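[1] got a structure for you, letters missing:
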């Protein structure tokens, strides 16, 4: 075989080998890229995956805040039980003179039977002269959820009552950052109004007690230094901003003064 022919055959063989290698490489990389192309062709899956990742990184072992459900309560009833839907039970209740008549009213706090982390509605039932009760208002924000994060009990103890001055008092007590809170409501011009709040929180080296006289727009904060033997306290006073009356059925007492 002539030398020139051998060179040509060798060149063609090299071209063939290179072509085969190129086709194989193209096929291999193409196969590896298919899942990525599939993801790009359906961007909703990418967004969902990113959202799930952020939820794990930014909010580990936490739950999104609950929202008020669309549960409807009976506007009137002959007994207290008439206002309790089948999916709820009574968690707390109290009786007393709440509005401006001399008929004994009832306040209920309900609990979802199947979800201990659900918001707990508070119902104001006004006794009627002809008998039975009328639902004045309901609030999904007056009392916090019993449990958070599935199995963490938010409060160590809690209570609702109506005192002799016709104040509705809601008290919750908890260790750690949740602290203690007392809120009071009273009927003014036929509306149940937020009138007072007191909070107490204990942290590292300090206790803080704050009182909010909502009607008179006064706030007092007392900080106690527990790092010193005599535990000195510093008291400061402030004025709440001008605002229309805060109504029981609208207000979230945990955030109204957060600013």
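    Cool, the structure landed. All values derive from a computational prediction rather than experimental measurement. Numbers count the residues shown, from 1 in each chain.
[2] Which stretches in the stretch 51-200 of the chain count as strands?
    76-77, 88-96, 105-112, 122-127, 133-139, 147-148, 152-153, 157-162, 168-173, 180-188, 191-203 (DSSP state E, counting those that start in this stretch).
[3] buried stuff in whichever helix or strand comes after the longest one?
    Pointing back at strand 191-203 there. Remark: after strand 191-203, the chain's next helix or strand is strand 206-213, criterion DSSP states H and E. Neighbour counts using 16 or more other C-beta atoms under 10 Å place 207, 209, 210, 212 of strand 206-213 among the buried residues. Every residue, glycine included, has its C-beta placed from N, CA and C.
[4] Return the closest of these with respect to residue 111.
    Nearest to residue 111 among the buried residues of strand 206-213, counting by C-beta to C-beta, is residue 212 at 27.5 Å.
[5] start to end distance for stretch 200-217?
    Using C-alpha to C-alpha, to the nearest Å, the end-to-end distance of stretch 200-217 comes to 19 Å.
[6] Check stretch 98-106 too.
    End-to-end for stretch 98-106, by C-alpha to C-alpha: 8 Å.
[7] now, among the buried residues of strand 206-213, which is nearest to residue 140?
    Proximity of these to residue 140 (C-beta to C-beta) peaks at residue 212, which lies at 21.3 Å.
[8] hey, what's that closest one bridged with?
    Counting by DSSP bridges, residue 212 is bridged to residue 197, residue 219.
[9] doesn't residue 219 make contact with it?
    Yes: judged on C-beta atoms under 8 Å, residue 212 makes contact with residue 219 at a distance of 5.2 Å.
[10] doesn't residue 120 make contact with residue 143?
    Yes: in this structure residue 143 lies within contact range of residue 120 using C-beta under 8 Å: 5.1 Å.
[11] between these two, what contacts are shared?
    Shared contacts of residue 143 and residue 120, defined by C-beta atoms under 8 Å, 6 or more residues apart in numbering, are found at residue 109.
[12] Could you check how many residues crowd around residue 184?
    20 (other C-beta atoms under 10 Å).
[13] Dig out what residue 96 forms beta bridges with.
    residue 105.
[14] Count the neighbours of it for me.
    15.
[15] With residue 186 instead?
    Residue 186 has 20 neighbours, counted by other C-beta under 10 Å.
[16] now it: how far from residue 215?
    According to C-beta to C-beta, to the nearest Å, residue 186 stands 9 Å off from residue 215.
[17] shaky segments in the stretch 51-200 of the chain?
    51-69 (pLDDT under 70).
[18] can you confirm residue 255 is in a strand?
    No: read with DSSP: H, G, I helix; E, B strand; the rest coil, residue 255 is coil and lies in no strand.
[19] How much space separates the nearest residue in space to residue 123 that is not next to it in sequence from residue 94?
    In this structure, residue 123 finds its nearest non-sequential neighbour in residue 108, 4.5 Å apart by C-beta to C-beta, 6 or more residues apart in numbering. The gap separating residue 108 from residue 94 is 9 Å, by C-beta to C-beta.
[20] Going by neighbour count, which residues of stretch 143-152 are buried?
    Judged by neighbour count (16+ other C-beta under 10 Å), stretch 143-152 contains these buried residues: 143, 144, 145, 146, 147, 148.
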